[in-house]
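In: my questions concern the predicted model and sequence given below.
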Amino acid sequence: MFYKPNTPWSWSFLVLAFVQSCIVLACEGYVFARFQNNLHLDNIKSLRPEMYQNGDVDVEYQKAQTRTIPTYLTLFIFAHMFLVILCYDALRLKNTIQVIGICIFNLAMLVYAAIQMDQIRDANTALATAPEGKPLRERDIWEPIRPFLITIPCVIALSTVLMFVVCWKLYDEFAWRIYKHISADLRMKKRYLTFQIFIALLKFDFFFFIGFSVQFIVIVASTTGYIAKQIGGRDYEFYLTIAALPITIAFLAIAAWCTRRELKAAMWCVVVVFFAALAYFVFKLVRMYQKKFEQSYKPARRSLTTFAVITIILIVLTIGNAIACIMNFDKGLKPHITKRKVNDEEDKHSMTEMSNHPSQPIPSRMTID
């Protein structure tokens, strides 16, 4: 059944995310249009190694600059669509942990928006060269687009503050639902919260892994300068990264399913895979700053570093929570996370019954510590 928010604070949270997304994407769209229309694509396509002192390295660097803004715009579109969907999902499930996670996710987008300004300025400056008298851009557009690039982090910052205020109110609203679903057993409550944290972490793992992979594929791995450094001149990592995208989505879904079903052996396999993912992102983070690959990563190194660091932190937290979930298996939580969820009408009915029997002792409301 289609969920519809039924309280002012629920509506506020969802509308806030939607309005932020519309404003930010409008600004990104304007910047993208100005940047693309300012390029001399024919001159960029005709770039040759002999035009530059460093040959292929400089040519690939210049061409990579033209892919930075389209990539950032795509990521921002994906991030804000993901944000709105997550907000709706958190309200539908009345998941306080996920609501808090959304506020933190918005802070991460604020950092990314600030980094984006430097990356776009660098791209605009790099394209100012005119090899053999062939300009790569029509004019300097930094000043016209700068106000829009400043607006984006300002809007996200204001929205994040308001989200934390609304989150505090939703925390209060969802307390009764947690009590209704789990009961007042403190140990069971902690097990349920551990499960909720793990599921929320899986959703954020999905976004940051996809975000890192898209930037790597579009800006870094597609350059011939990067491919030339691979085994036999073939970039096996490029194709493996593309293949890993659908596999990652399936893996995260399986991890959530195994946790709900309390499949201990499968979950230990999930933990091993997460350790392998942790090793991969540490490896990529180190490689970005190796001299041999420095030029290939340079166009997107700041944003890739941000995504890699956040992903590493998330994976470490996910591994810890996965192990905590395994330790909670066979302790009575499974019926609570596999049974039908309590819907809004049942909550209302239960609250009405309680209000009609004031003489009965009312159990204290459980909150999330």
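Out: Perfect, thanks for sending it. Numbers count the residues shown, from 1 in each chain.
In: all contacts plus neighbour counts: C-alpha atoms, from now on.
Out: Noted.
In: average pLDDT for the helix or strand harbouring N43?
Out: Following DSSP states H and E, one finds N43 within helix 41-45. Mean per-residue pLDDT for helix 41-45: 72.
In: tell me the buried residues in that helix?
Out: Under the neighbour-count criterion of 16 or more other CA atoms under 10 Å, helix 41-45 has I44 buried.
In: right, and the helix or strand after it?
Out: Helix 41-45 is succeeded, C-terminally, by helix 56-93 (DSSP H and E).
In: counting contacts, what elements does that next one pack onto?
Out: helix 8-37, helix 96-126, helix 186-215, helix 224-227, helix 294-297 (3 or more CA pairs under 8 Å, 6 or more residues apart in numbering; DSSP states H and E).
In: ok and whatever helix or strand I247 lives in relative to helix 186-215, angle-wise?
Out: Element membership of I247 [criterion: DSSP H and E] is helix 236-261. Angle, helix 236-261 to helix 186-215, by axes from the mean of the first three to the mean of the last three CA atoms, to 10 degrees: 160 degrees.
In: K292: neighbour count?
Out: 11 (other CA atoms under 10 Å).
In: now swap in K203 and tell me
Out: K203: 18 neighbours (other CA under 10 Å).
In: ok, it to V155 distance?
Out: 24 Å (CA to CA, to the nearest Å).
In: what comes up buried for stretch 328-336?
Out: 328-329, 333-334.
In: and if you look at stretch 147-166?
Out: 148-149, 152-157, 159-160, 163-164, 166.
In: from those residues, which ones fall inside helices?
Out: Judged by DSSP state H, those include 148-149, 152-157, 159-160, 163-164, 166 as members of helices.
In: name the helices or strands packed onto the host helix or strand of L278?
Out: Per DSSP H and E, L278 falls inside helix 264-288. In terms of contacts (3+ CA pairs under 8 Å, 6+ apart), helix 264-288 is packed against helix 236-261, helix 294-297, helix 301-327.
In: make TSV out of the ones you listed and add distance to Y192 and mean neighbour count.
Out: Formatted as TSV, these follow (distance: least, CA to CA, whole Å; neighbours: other CA atoms under 10 Å):
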stretch	distance to Y192	mean neighbour count
helix 236-261	11	15
helix 294-297	42	20
helix 301-327	9	19
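In: report the distance from the helix holding N43 to the chain centre.
Out: Centroid separation for helix 41-45 versus its chain: 33 Å, with CA atoms, centre = their mean, to the nearest Å.
In: what does stretch 288-299 give?
Out: The answer for stretch 288-299 is 24 Å, by CA atoms, centre = their mean.
In: ditto for stretch 279-299
Out: Counting by CA atoms, centre = their mean, stretch 279-299 comes out at 21 Å from the chain centroid.
In: ok, now stretch 120-131?
Out: The chain centroid and the centroid of stretch 120-131 are separated by 29 Å, computed with CA atoms, centre = their mean.
In: what's the spacing between the residue lying closest to N321 once chain neighbours are set aside and L245?
Out: Spatially, and ignoring its direct neighbours in sequence, N321 is nearest to F198 (5.6 Å; CA to CA, 6 or more residues apart in numbering). Distance, F198 to L245, by CA to CA: 21 Å.
In: N106 too?
Out: Using CA to CA, N106 is found at 23 Å from L245.
In: got it, and I319?
Out: Distance from I319 to L245, by CA to CA: 20 Å.
In: repeat that for I217.
Out: As judged by CA to CA, I217 and L245 stand 11 Å apart.
In: joint contacts of these two?
Out: Here I217 and L245 share no contacting residue, scored by CA atoms under 8 Å, 6 or more residues apart in numbering.
In: nearest residue to the middle of this structure?
Out: Nearest to the mean C-alpha position of the chain, counting by CA atoms, centre = their mean, stands F207 at 3.6 Å.
In: follow-up on the earlier one: let's have the buried residues of stretch 147-166 in a markdown table, adding pLDDT.
Out: Shown next, in a markdown table, are the buried residues of stretch 147-166 (pLDDT from 0 to 100):
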| residue | pLDDT |
| --- | --- |
| F148 | 93 |
| L149 | 92 |
| I152 | 93 |
| P153 | 94 |
| C154 | 95 |
| V155 | 95 |
| I156 | 95 |
| A157 | 95 |
| S159 | 95 |
| T160 | 95 |
| M163 | 95 |
| F164 | 94 |
| V166 | 94 |
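In: going by distance to V286, which of those wins?
Out: P153 (28.3 Å; CA to CA).
In: my guess is G101 meets I199, correct?
Out: No. If you go by CA atoms under 8 Å, G101 and I199 don't touch, sitting 11.0 Å apart.
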